[in-house]
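Engineer: Below is the sequence, then the predicted model.
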Amino acid sequence: MPIQLHFGEADPLRCRFAVSPLWETQEAVRTLKRPQRHGYHPRWLRESRAAAERLDLAAVWLLMPPRGHSPDFLGPPPIGPAAAFDEEIAAVRTADPEAARADMARALADTPGAAESPLGRRLLAEPARAVRELADALEAAWHALVEPHWPRLRALLEADVTYHSRRLAEVGLEALLPELDRRLAWDAGTLTAQWRGRHARHLDGRGLVLMPSVFSWPDVISGYDPPWQPTLVYPARGIAGLWTAPADRTPEPLVRLIGRNRAAVLTALAEPATTSALAHRLGLAPSSVSAHLSALRGAGLLLSRRYGHQVLYERTPLGIALATGG
């Protein structure tokens, strides 16, 4: 049975995009144990192996059945378009212990023998302690596995949101949803995901969070029971090149015109990006990139706009023409 999400009259008005560092941390932890996800991430796996071996992730992994429910309280939908990890993990730490116990019991029931294991029994017997220890484990995983790569990951995720936001403006929600992933289909107010899942859900006026993910590939994931807003997680665009060092495609005529580093910044903005993401990608100091961005914007080659706590830069038509030789 596919996943089916039934939209009511008000639900299209309450759809939003989001990016979540806490979600990526959870899925990075899950990816360590799932070889079928490793295809796009060999470099990350190599660089993270030593750090991963120092983490105690047994309790988190126990609550991640291969198929079935994972606790919603460990990674609720982000409250804004660009939530910070500190904000998200703080929400995990305030989870109600009894609600968390029921959430964990549901997840443990989807792995035969998990609830009866010593660790499973302890999690259920001491839910307040379990919430603290699970939050600590996820925070340690963030610092070890995801935070060092977050500028690169965030740039890709924000570029996906920017692209699909434009498509939403161009074609509308009904046409956009099937574009997010080839396994999604829209028919008469129902979004169907042809992926592993066995549930149908009426959104009941709560709308839908649309969240791209790097580490969730190849899964399409739908989840979250009340009080959280229903969420659809789909693989982000461009993950095939995520860990590949970009080739230098800076046109030499452009280099002669405005200088190598400034030309590299303009050329790198094929997708909108932040100052920190560009600095990480190009190996330049953030202060240097910021100065180049200001100069390029002053020359009419870039636009900037705020996205949550970040400022995204993108090329104007003139900037596109110069960067591509058009």
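Structural biologist: Thanks, I have it. Numbers count the residues shown, from 1 in each chain.
Engineer: Phi and psi next, for the closest residue to Phe7 other than its chain neighbours.
Structural biologist: Using Cβ to Cβ, 6 or more residues apart in numbering and skipping residues adjacent in sequence, the residue nearest Phe7 is Gly189, 4.8 Å away. Bear in mind the C-beta positions are built from the backbone N, C-alpha and C, glycine included. The phi and psi torsions at Gly189 (degrees, to the nearest 10) take the values phi 80, psi 10.
Engineer: Is Gly189 in contact with Gln4, as I believe?
Structural biologist: No. Using Cβ atoms under 8 Å, Gly189 is not in contact with Gln4; the gap is 10.6 Å.
Engineer: So for the two, which residue has more residues nearby?
Structural biologist: Using other Cβ atoms under 10 Å as the criterion, Gly189 and Gln4 rank with Gln4 on top: 17 against 14.
Engineer: most centrally placed residue in this protein?
Structural biologist: Nearest residue to the geometric centre of the chain (Cα atoms, centre = their mean): Ser213, 3.5 Å.
Engineer: could you measure Ala185 against Pro151, distance?
Structural biologist: For Ala185, the distance to Pro151 (Cβ to Cβ, to the nearest Å) stands at 35 Å.
Engineer: State the distance from Ala50 to Ala285.
Structural biologist: Applying Cβ to Cβ, the value for Ala50 to Ala285 is 28 Å.
Engineer: One more: Leu173?
Structural biologist: For Leu173, the distance to Ala285 (Cβ to Cβ) stands at 41 Å.
Engineer: In terms of packing, which of those two has more residues around it?
Structural biologist: The residue with more neighbours, out of Leu173 and Ala285, is Leu173; 17 against 10, by other Cβ under 10 Å.
Engineer: mind checking how far the nearest residue to the more buried one once chain neighbours are set aside is from Arg206?
Structural biologist: In space, Leu173 comes closest to Pro12 once its chain neighbours are excluded; the distance is 5.1 Å by Cβ to Cβ, 6+ apart. In this structure, Pro12 and Arg206 are 12 Å apart, going by Cβ to Cβ.
Engineer: do the same with Ala18
Structural biologist: Ala18 is 14 Å from Arg206, where distance means Cβ to Cβ.
Engineer: okay, those two: which has more neighbours?
Structural biologist: Here Ala18 and Arg206 are compared on neighbour count by other Cβ under 10 Å; more neighbours surround Ala18, at 22 against 18.
Engineer: contact partners of the one helix or strand Leu157 maps to?
Structural biologist: Here Leu157 is covered by helix 150-171, with elements defined by DSSP states H and E. Contacts with helix 150-171, where a contact means Cβ atoms under 8 Å, 6 or more residues apart in numbering, come from 17, 19, 21, 24, 81-82, 146, 175-176, 179-180, 210, 212-214, 236-239, 242, 271-274, 276-281, 307, 310, 312, 314.
Engineer: one more time with 7 Å, if that's ok
Structural biologist: Helix 150-171 is touched from outside by 17, 19, 21, 24, 176, 179-180, 212, 214, 236-239, 242, 271-274, 276-277, 280-281, 307, 312, with contacts defined as Cβ atoms under 7 Å, 6 or more residues apart in numbering.
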